[in-house]
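K.L.:
I would like the atomic coordinates for the input below:
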Amino acid sequence: MIPETVDVYYTETTAAYTHLIEVIAKYRSNTTTVLALATGAAAFFGFADTDKQLMYYLALTAYGLAAISAMVIFTPRGLRTNMAGNFAQDLAITPPLSSTEAKLLILKDRQAAMADAESAIRTSSIFFRVLIVLTACTVVFAGVNVALDRPDPTQPTHIVIDQP
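P.N.:
Prediction:
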């Protein structure tokens with residue numbers, strides 16, 4: 001065990017773990033943006049003065065499923081490894097360690113934490129794709145509902161004027 005090699009491994013693993021955590025944060029940030037788009041579309045078309053037809057209810061269903069997909073992305077799971085707690089337990093049962101040996105113990109837990117983070121990223125990736133599709137469905141279905149509810153231009157408009 002060469003201490004310099006352990007130092008390089010420790011530094012690279014720390015950088016990789018930090019990057020994985022940033023990816024999860026970016027998915028959550030982008031989820032907020034996409035869900036805001038779906039909310040805007042649902043609100044805009046929902047307040048339209050139209051008959052609420054099948055497409056409108058499909059749009060609302062797609063929006064509800066998009067919100068559920070966003071909740072799954074924001075669920076704090078996948079980062080279950082308690083690196084500090086595990087390290088403290090390891091220190092309690094091992095003899096005094098050099099800094100190199102301590103880094104190796106930390107790296108063991110960090111590898112498990114990285115596997116958890118990768119799992120969380122895979123889950124977020126799947127549900128983010130679902131969110132995008134459902135947001136598109138919300139916009140399309142609501143827009144089609146408004147388009148289908150256009151008044152017939154061949155029908156004359158009747159105006160009734162009351163005289164006082």
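K.L.:
Where does the residue nearest the centre of the chain fall, secondary structure wise?
P.N.:
Centroid-nearest residue in the chain, with Cα atoms, centre = their mean: residue 73, separated by 3.5 Å. Using DSSP states H and E, residue 73 sits in helix 54-74.
K.L.:
Tell me the buried residues in stretch 58-66?
P.N.:
By neighbour count on 16 or more other Cβ atoms under 10 Å, the buried set for stretch 58-66 is 58-60, 62-63, 65-66. All C-beta spots, glycine's among them, are computed from the backbone N, C-alpha and C.
K.L.:
between the helix or strand containing residue 106 and helix 54-74, how big is the angle?
P.N.:
Per DSSP H and E, residue 106 falls inside helix 99-148. Per axes from the mean of the first three to the mean of the last three Cα atoms, to 10 degrees, the angle that helix 99-148 makes with helix 54-74 is 170 degrees.
K.L.:
What mean pLDDT does helix 99-148 get?
P.N.:
Taken as a whole, helix 99-148 carries a mean pLDDT of 87.
K.L.:
Not counting residues beside it along the chain, what's closest to residue 124?
P.N.:
In this structure, residue 124 finds its nearest non-sequential neighbour in residue 27, 4.2 Å apart by Cβ to Cβ, 6 or more residues apart in numbering.
K.L.:
if we can go back for a sec, in TSV, list the buried residues of stretch 58-66 along with pLDDT and distance to residue 149.
P.N.:
Formatted as TSV, those follow (pLDDT from 0 to 100; distance: Cβ to Cβ, whole Å):
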residue	pLDDT	distance to residue 149
58	91	14
59	89	13
60	90	15
62	94	18
63	93	18
65	95	23
66	95	23
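K.L.:
Brilliant, that's me finished.
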